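Enquirer: Next one to model:
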Amino acid sequence: MQFRQQALAKLQSPEELDLPVRFARPQGWLVLSVTVVVMAAASVWAVTGSVASTVSAPAVLTHGEGSYILQSPAAGQVTAVLAKEGERLPAGSPVLRVRTAEGDTEVRTVAAGRITALAATIGQIISTGANVAAVEKVAGAGDPLYATVYVPAESAASIPEDAAVDLTVQTVPSEEYGVLRGHVKSVDRTAQSAQQIAAFLGDTRLGEQFTEDGRPVAVLVRLDRSPSTKSGYRWSSADGPPYRLTSMTMARGSIRLADQRPVDWLLP
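Expert: Sure, this is the predicted structure:
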């Protein structure tokens with residue numbers, strides 16, 4: 001009954017047409033203004049902005065010309081090892097002496113370089129064509145290092161010239177010294193087989209490892225130089241690690257791809 005009386009009183013009272021009408025509270029106007037500004041900024045960014053994306057893939061630090069696998073030209077027994085791992089030799093230098101049915105013969109380097117691995121020992125019986133050493137093609141101690149990043153073949157076309165690259169080096173704690181900086185020097189547009197990778201790196205195991213998920217494309221990365229760091233290269237930290245880098249060090253490369261306009265993928 002009480003509610004009914006209140007309703008009747010409301011109907012009998014004159015309309016309050018002379019009172020101002022409040023359409024929105026000040027807080028509402030503030031929210032509306034912020035929304036309009038955000039929408040306007042998003043619209044401008046969709047037309048003029050860009051989205052950066054990267055591709056990450058395994059990498060290895062090498063000298064520019066890579067390595068090669070030295071093979072024995074004859075079958076026989078190894079009677080002497082004439083080189084040491086880490087030794088730099090000119091082309092035609094003896095590495096092993098092998099006793100064959102026709103007499104002693106020497107296994108010699110094909111091109112100048114540094115012995116990175118020896119797979120033969122004194123007394124070992126080897127066959128013709130056996131892998132006996134890995135030789136990195138490097139002429140001098142001052143030759144710069146490069147990084148070879150093995151990216152999936154489907155990502156090769158989107159890698160621009162001189163793209164920025166960040167390398168997380170396996171032997172360098174990234175949380176302390178950061179990442180190694182570099183830029184793309186060249187992109188091999190042909191997918192590589194395990195045999196091609198092994199021939200370049202001088203390591204059959206790496207050839208198999210880098211092709212586990214398919215044949216990748218090799219991206220050669222020029223490392224940014226810096227005279228102020230111990231390594232001689234530029235890092236995301238000020239000084240980088242307090243030691244020099246060596247070839248055949250594993251890393252992980254993150255390559256910046258060509259920027260994409262957001263309107264390209266926002267619109268159908």
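
Enquirer: got the buried residues for stretch 179-193?
Expert: Val179, Leu180, Arg181, Gly182, Val184, Lys185, Val187, Ala191, Gln192 (16 or more other Cβ atoms under 10 Å). (C-beta placed from N, C-alpha, C; glycine too.)

Enquirer: So which residues of the stretch 1-150 of the chain form helices?
Expert: Using DSSP state H, counting those that start in this stretch, the helices found in the stretch 1-150 of the chain span residues 2-12, 26-48.

Enquirer: taking the buried residues of stretch 179-193 one by one, which sit in strands?
Expert: Within the buried residues of stretch 179-193, residues falling in strands by DSSP state E are Leu180, Arg181, Gly182, Val184, Lys185, Val187.

Enquirer: tell me the centre residue of the protein?
Expert: Gly253 (1.4 Å; Cα atoms, centre = their mean).

Enquirer: Let me know whether it touches Ile159 as I believe.
Expert: No - applying Cβ atoms under 8 Å, one finds Gly253 not in contact with Ile159, separated by 10.9 Å.

Enquirer: what sits in contact with each of the two?
Expert: Val151, Val219 (Cβ atoms under 8 Å, 6 or more residues apart in numbering).

Enquirer: What about Gly214, how many residues nearby?
Expert: Using other Cβ atoms under 10 Å, Gly214 has 10 neighbouring residues.

Enquirer: Show the pLDDT at it.
Expert: Gly214 carries a pLDDT value of 92.

Enquirer: again with the one 4 residues further on
Expert: At Ala218, the pLDDT value in this model is 93.

Enquirer: Now do the same contact list for it.
Expert: Ala218 touches Thr148, Val149, Tyr150, Val187, Asp188, Gln192, Ile197, Phe200, counting by Cβ under 8 Å, 6+ apart.

Enquirer: Between those residues, which sits nearest Gly66?
Expert: Phe200 (4.0 Å; Cβ to Cβ).

Enquirer: ok, that closest one - contacts?
Expert: By Cβ under 8 Å, 6+ apart, the contact set of Phe200 is Gly66, Ser67, Thr148, Ala218.

Enquirer: give me that answer again for 10 Å
Expert: Residues near Phe200 by Cβ atoms under 10 Å, 6 or more residues apart in numbering: 60, 62, 65-69, 137, 148, 192, 206-207, 218.
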